[in-house]
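**Student:** Need the 3D shape of this:
(one chain, ligands or ions: 1)
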Amino acid sequence: MSEPPKPVRIGLLGRGNVGGAFAELLAERADAVEAATGRRPEISGVLTREDGDFGAILERSDLIVELMGGIDPARDFVLDAMRAGRPVVTANKQLLAQHGDELFAVAREAGVQLRFEAAVAAVIPIVRTIQESFGVTEISKVFGIVNGTTNFILSEMAASGASYEDVLAQAQDLGYAEADPSDDVSGADAAAKMAILARLAFHTPVTLAEVSYEGIEAIQPDDLAYAKELGLSLKLLGVAERREGGISVRVFPCFLYRGHPLAPIEGPFNAVMVEAPAINEVTMSGPGAGGLQTASAVLGDVVSILAGDAPVHETRVELPIVADVTSSFYLYLEVADQPGVLARVATVLGDNEVSVKSVVQRGLGDEARLVMVVHECLESRFATAVEALGRLGDLRAPPRSIHVIEEQF
Ligand SMILES: NC(=O)c1ccc[n+]([C@@H]2O[C@H](COP(=O)([O-])OP(=O)(O)OC[C@H]3O[C@@H](n4cnc5c(N)ncnc54)[C@H](OP(=O)(O)O)[C@@H]3O)[C@@H](O)[C@H]2O)c1
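**Tutor:** Residues are numbered from 1 along each chain as shown. All right, here's what the predicted structure looks like:
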């Protein structure tokens, strides 16, 4: 009589929000995992700051799940585990965004799987979709809302007209923003996720240092109020796209027209779109964080490893980052309410080949607000135009600008 298959022993590094939820979910879904893969999962050891020894856990584990976060010692543990022939599942976006080359090289050399679905947009299966479903598709663009904290803040600012500071405090009270929210609101967290997605989508090495990012700290309630009149809603977008001569990977606040698939995504949710000639476009949305939701993505990776599916994560080409790309913009100007101002502004824009798509003008005493959307132009050209506007004697405050995706669906 043949022996029943041995259980798969899972070494768990970290038992915080996600690690704790993962341990519970694994126990709850053990029967289902066994039915799907033929092997019953069990936790062979747990490492926290207080408890456990990594070497001993590795020794008695078939697979390592890293849910500690941070770079040190997570990086050493993940590398050691793979070198010892253990597949690894991690939710650690910083580790992948900063040390992707090294991690993928070691995974390849050791012939083990490294899975990280939960590192980007938590439970939304964007990593496996890009790696597996679209593994040989020529993806032209992957972009979306990959930070729930900032999406909550922008949605609330638009709905209530409250200031950035007030809504941030509310987000902290509700647990949508951390006590130190700087990684989220500065765009740095989204940049790490976009470095990972760009690497996967374009099969090219992209590191966090190559992703330029801009956050939401400077957004004013005015911007959102005027944008409403222009039919726009504001999101913090991560955008990775092929551009002539290479790729562009960036994070910036961006207005979207009504009807854009990302426009209705409100609150602490994520949504990611993938575009390619062969697929047109695909949009996925859902919770981008949360202990249980993230743990669910981690469990999905464990099941994939046990089922033996190996994703494609090859670096095939070196694509340079293109610094100057085209974009459409929203432009907010506070000007003296005098005859000829609009004409002078239009002349500066025209001289720099920036053309206006729509304008809202409001007089407020001896001042006026000029709010416009300009058509797509080279960003360097737009920056020159904004600089020149700043030198006009008519301006009462420095010009403010925000990206716009002009495409209307
Ligand atoms: N929370 C989310 O919604 C979410 C979403 C997507 C991805 N992630 C990612 O998931 C990972 C875990 O996040 P989390 O929210 O669960 O973090 P967390 O609540 O802070 O938990 C971290 C766990 O790792 C342990 N740990 C940290 N440093 C350690 C060290 N040097 N040695 C041993 N143990 C250590 C901690 O031990 P102690 O218990 O002793 O402190 C704790 O158990 C991170 O990479 C995060 O970016 C989280």
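**Student:** Pull up the per-residue confidence for whichever residue of the chain sits closest to the ligand.
**Tutor:** Relative to the ligand, the nearest point of the chain is Gly16 (1.8 Å; CB to the nearest ligand atom). C-beta here means a position set from N, CA and C on the backbone, and glycine is covered the same way. pLDDT, Gly16: 97.
**Student:** What count of nearby residues applies to it?
**Tutor:** For Gly16, the neighbour count with other CB atoms under 10 Å is 13.
**Student:** Then Asp366?
**Tutor:** Using other CB under 10 Å, Asp366 has 9 neighbouring residues.
**Student:** For stretch 386-394, list every residue counted as buried.
**Tutor:** Across stretch 386-394, burial judged by 16 or more other CB atoms under 10 Å covers 386, 388-389, 392, 394.
**Student:** hmm, back to that, spit out the contact partners of the residue of the chain closest to the ligand.
**Tutor:** 67-69 (CB atoms under 8 Å, 6 or more residues apart in numbering).
**Student:** Buried ones from those, can you make that a PyMOL selection?
**Tutor:** Those of the contacts of Gly16 that count as buried under 16+ other CB under 10 Å are selected in PyMOL with:
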select buried, resi 67+68+69
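**Student:** In contact with Val348: list those residues for me.
**Tutor:** Val348 neighbours (CB under 8 Å, 6+ apart): 385, 388-389, 392.
**Student:** The ligand contacts on the chain?
**Tutor:** Contact residues, the chain versus the ligand (CB under 6 Å from any ligand atom): 14-19, 47-50, 67-70, 73, 91-93, 118, 122, 289-291, 294.
**Student:** are any of those residues buried, and which?
**Tutor:** 14-15, 17-19, 47, 67-69, 91-93, 118, 122, 289-291, 294.
**Student:** Among the residues you listed, which lie within strands?
**Tutor:** Judged by DSSP state E, strands contain the following of those: Leu47.
**Student:** thinking Val18 is in contact with Ser296, fair?
**Tutor:** No. With contact defined as CB atoms under 8 Å, Val18 does not count as touching Ser296 (10.0 Å).
**Student:** Local confidence estimate at Ser2?
**Tutor:** Note for Ser2: predicted pLDDT of 70.
**Student:** distance of it from Ala307?
**Tutor:** For Ser2, the distance to Ala307 under the criterion CB to CB, to the nearest Å works out to 20 Å.
**Student:** Those two: who's more crowded?
**Tutor:** Legend: neighbour count by other CB under 10 Å for Ser2 and Ala307, higher for Ala307 (12 against 4).
**Student:** and that one, what does it touch?
**Tutor:** With CB under 8 Å, 6+ apart, Ala307 has these contacts: 36-37.
**Student:** List phi and psi for Ala227.
**Tutor:** Dihedral pair for Ala227: phi -60, psi -30, per degrees, to the nearest 10.
**Student:** just Asn280 next, same as before
**Tutor:** phi 60, psi -100.
**Student:** ok, it - how many residues close by?
**Tutor:** 8.
**Student:** Would you map the helices across the stretch 1-150 of the chain?
**Tutor:** 17-28, 30-37, 54-59, 74-83, 93-110, 126-128, 148-160 (DSSP state H, counting those that start in this stretch).
**Student:** And the longest one, what does it pack against?
**Tutor:** Other helices and strands packing on helix 93-110, by 3 or more CB pairs under 8 Å, 6 or more residues apart in numbering; DSSP states H and E, are helix 74-83, strand 114-115, helix 188-202.
**Student:** List the strands paired with the helix or strand encompassing Met372, with their directions.
**Tutor:** Using DSSP states H and E, Met372 sits in strand 367-378. Its sheet considered, strand 367-378 pairs with strand 326-336 (antiparallel), strand 356-364 (antiparallel) by DSSP bridges.
**Student:** Same list, those, but as a markdown table with distance to Ala192 please.
**Tutor:** Below are these laid out as a markdown table (distance: least, CB to CB, whole Å):
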| stretch | distance to Ala192 |
| --- | --- |
| strand 326-336 | 22 |
| strand 356-364 | 33 |
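**Student:** Go through those strands and pick out the most buried.
**Tutor:** Most buried of the strands paired with strand 367-378 by mean neighbour count (mean count of other CB atoms under 10 Å) is strand 326-336; its value is a mean of 20.
**Student:** Return the subset of the buried residues of stretch 386-394 lying in helices.
**Tutor:** Among the buried residues of stretch 386-394, the ones falling in helices (DSSP state H) are 386, 388-389.
**Student:** Next, work out how far apart Ile64 and Met82 are.
**Tutor:** Counting by CB to CB, the gap from Ile64 to Met82 is 8 Å.
**Student:** quick revisit: quick one: the strands paired with strand 367-378 as a markdown table, columns for mean pLDDT too.
**Tutor:** Output for the strands paired with strand 367-378, formatted as a markdown table (pLDDT from 0 to 100):
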| stretch | mean pLDDT |
| --- | --- |
| strand 326-336 | 94 |
| strand 356-364 | 86 |
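**Student:** What's the per-residue pLDDT of Ala119 here?
**Tutor:** Predicted confidence (pLDDT) for Ala119: 97.
**Student:** for Phe409, same thing?
**Tutor:** We have a pLDDT of 64 for Phe409.
**Student:** now swap in Ile124 and tell me
**Tutor:** 96.
**Student:** my read: it touches Gly286, true?
**Tutor:** Yes. Under the contact definition of CB under 8 Å, Ile124 touches Gly286, with a separation of 4.8 Å.
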